[in-house]
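Undergrad: with the sequence up front, the predicted model follows.
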Amino acid sequence: MDNLGERSKVIVTGADGFLGNNIVRELLKQGHEVYGFIQNGRNADSLQELPVKLFYGDLCNTKDLVPLFRDCDYIIHTAGITAVWPSRSEISWRVNFTVVKHLVRLARKYHLKRFIHIGTATSFGPGSLLNPGDEYKPYSGRRFGMDYLDSKFSAQEFLLQEAKVSNFPVIILNPTFMLGSFDSGNGSNKMIIEIYQKNLPGYSRGGKNYVHVKDVATAAVNAMHMGRIGECYIVGNRNMSYKEAFRMIAETIDVPAPKIPIPSLVAITYGALNEFISWLSRNNPVITMKMARIAGVDYYYTPLKAIRELDLPQTPVEIAVRESFCWFKMRGNI
């Protein structure tokens with residue numbers, strides 16, 4: 001393995017995405033050479049001013065990837081399909097699962113030193129505020145019938161098996177709900193826009209763990225030299241109910257907080273209505289029945305393992321909210 005101070009050549013898939021963008025910047029900050037892989041047709045304006053070698057192609061086409069693997073030492077794989085509508089989607093399996101198999105074959109062929117895979121904390125069972133979920137709680141997401149969740153979990157299981165059987169040098173990071181700069185406006189930070197524009201009248205009964213995206217990026221880059229092969233690391237920070245999280249966001253950006261508690265049955269009914277309207281209009285629904293069901297669950301996790309083994313920072317989530325808000329203002333989203 002390289003020494004900590006040595007300059008390495010690193011592939012970042014999904015380099016123009018929310019997390020990918022932050023990982024690219026952290027790699028450059030630490031003095032590494034970055035090879036960013038971006039889907040054909042995507043806009044990578046946010047990377048244009050950076051000293052990054054950009055490659056455009058299709059992750060499903062192995063030939064598009066070979067030039068990167070010939071030259072590089074590591075890969076940080078962030079690209080994936082996160083859409084939850086429709087809940088059953090063949091593209092989710094193709095990108096989130098089959099592509100991972102192709103990348104593993106290339107990593108073996110070209111002897112990459114480590115394969116850093118970005119999964120999701122939802123591949124582990126969540127817990128309560130007093131007993132949050134960790135890397136040993138079994139996956140419980142199949143009950144929701146969503147291919148995004150199931151495909152990410154299956155990719156994780158495949159990678160862990162590869163590490164166990166043949167010592168494939170993979171480390172898996174499982175981020176919780178990320179906030180911060182360089183989001184497109186349609187990702188996890190969208191709730192900040194909705195709260196600012198007073199489009200959220202209330203909150204559901206569940207909650208989740210929140211983390212600054214820069215902290216996730218730092219842990220991902222640290223995983224090139226830290227952590228244990230064949231291990232997963234939940235990368236998070238602060239557990240909050242939706243009521244607490246919305247109040248924190250509202251106070252940080254200086255607007256009134258949503259105040260109405262929304263019963264689960266009301267949220268699920270509203271999700272069903274949204275699905276019906278979506279079917280008529282052919283537009284994606286704002287919320288679906290399954291999304292409403294998930295919103296009523298406590299998705300709390302502990303990041304202690306990642307703090308100990310990957311030096312995961314714990315930046316206050318308020319800072320992530322403030323940076324996200326400033327980013328959206330600069331882009332004209334709000």
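TA: Perfect, I can see it now.
Undergrad: check which helix or strand covers residue 211.
TA: strand 207-212 (DSSP states H and E).
Undergrad: packing partners of that strand?
TA: strand 177-179, strand 238-241, helix 242-253, strand 298-299, helix 317-331 (3 or more Cβ pairs under 8 Å, 6 or more residues apart in numbering; DSSP states H and E). From N, CA and C alone the C-beta is placed, and that goes for glycine too.
Undergrad: okay, buried residues for the last one please.
TA: Residues of helix 317-331 classed as buried: 317-318, 320-325, 327-328 (neighbour count, 16 or more other Cβ atoms under 10 Å).
Undergrad: what about stretch 207-226, how long is it end to end?
TA: 30 Å (Cα to Cα, to the nearest Å).
Undergrad: pLDDT (mean, whole number) over that stretch?
TA: Stretch 207-226 shows a mean pLDDT of 98.
Undergrad: list the buried residues for that stretch?
TA: Across stretch 207-226, burial judged by 16+ other Cβ under 10 Å covers 207-226.
Undergrad: what do you get for stretch 268-281?
TA: By 16+ other Cβ under 10 Å, the buried positions in stretch 268-281 come out as 268, 270-271, 274-275, 278.
Undergrad: now stretch 256-268
TA: Buried residues in stretch 256-268 (16+ other Cβ under 10 Å): 257-258, 262, 267-268.
Undergrad: first-to-last residue distance for that stretch?
TA: Chord length of stretch 256-268, first to last residue, is 25 Å (Cα to Cα).
Undergrad: likewise for stretch 221-240?
TA: End-to-end distance of stretch 221-240 (Cα to Cα): 27 Å.
Undergrad: so residue 15 touches residue 48, yeah?
TA: No - checked against Cβ atoms under 8 Å, the pair residue 15 and residue 48 is beyond contact range at 11.7 Å.
Undergrad: what's the closest non-adjacent residue to residue 245?
TA: Spatially, and ignoring its direct neighbours in sequence, residue 245 is nearest to residue 210 (6.5 Å; Cβ to Cβ, 6 or more residues apart in numbering).
Undergrad: spell out the secondary structure type for residue 42.
TA: Secondary structure for residue 42, judged by DSSP: H, G, I helix; E, B strand; the rest coil, is coil.
Undergrad: now do it: how many residues are near it, please.
TA: 12 (other Cβ atoms under 10 Å).
Undergrad: repeat for residue 129
TA: 11.
Undergrad: got a list of what it touches?
TA: Residues near residue 129 by Cβ atoms under 8 Å, 6 or more residues apart in numbering: 207, 239, 298, 300.
Undergrad: check what pLDDT the last one gets.
TA: Meaning residue 300. At residue 300, pLDDT is 98.
Undergrad: swap in the second one?
TA: You'll see residue 239 listed with a pLDDT of 98.
Undergrad: hey, what's it bridged with?
TA: residue 209 (DSSP bridges).
Undergrad: what's next to the strand holding residue 211, contact-wise?
TA: So strand 207-212 is contacted by 121, 129, 132, 175-180, 235-242, 244-245, 298-301, 303, 313, 315-317, 319-320, 323 (Cβ under 8 Å, 6+ apart).
Undergrad: what do you get for stretch 93-102?
TA: With contact meaning Cβ under 8 Å, 6+ apart, stretch 93-102 is reached by 59-60, 62, 65, 77, 79-81, 117, 147-148, 151-152, 154-155, 158-159.
Undergrad: would you point out the helix or strand in this protein whose mean pLDDT is lowest?
TA: Ranked by mean pLDDT, DSSP states H and E, the helix or strand of the chain with the weakest confidence is helix 289-295, at a mean of 77.
Undergrad: what's the spacing between that one and its chain's center?
TA: Centroid separation for helix 289-295 versus its chain: 19 Å, with Cα atoms, centre = their mean, to the nearest Å.
Undergrad: what's the answer for stretch 104-117, then?
TA: Relative to its chain's centre, stretch 104-117 lies at 21 Å (Cα atoms, centre = their mean).
Undergrad: what about it, start to end distance?
TA: End-to-end distance (Cα to Cα), stretch 104-117: 10 Å.
Undergrad: can you check stretch 58-75 too?
TA: This stretch, stretch 58-75, spans 16 Å end to end (Cα to Cα).
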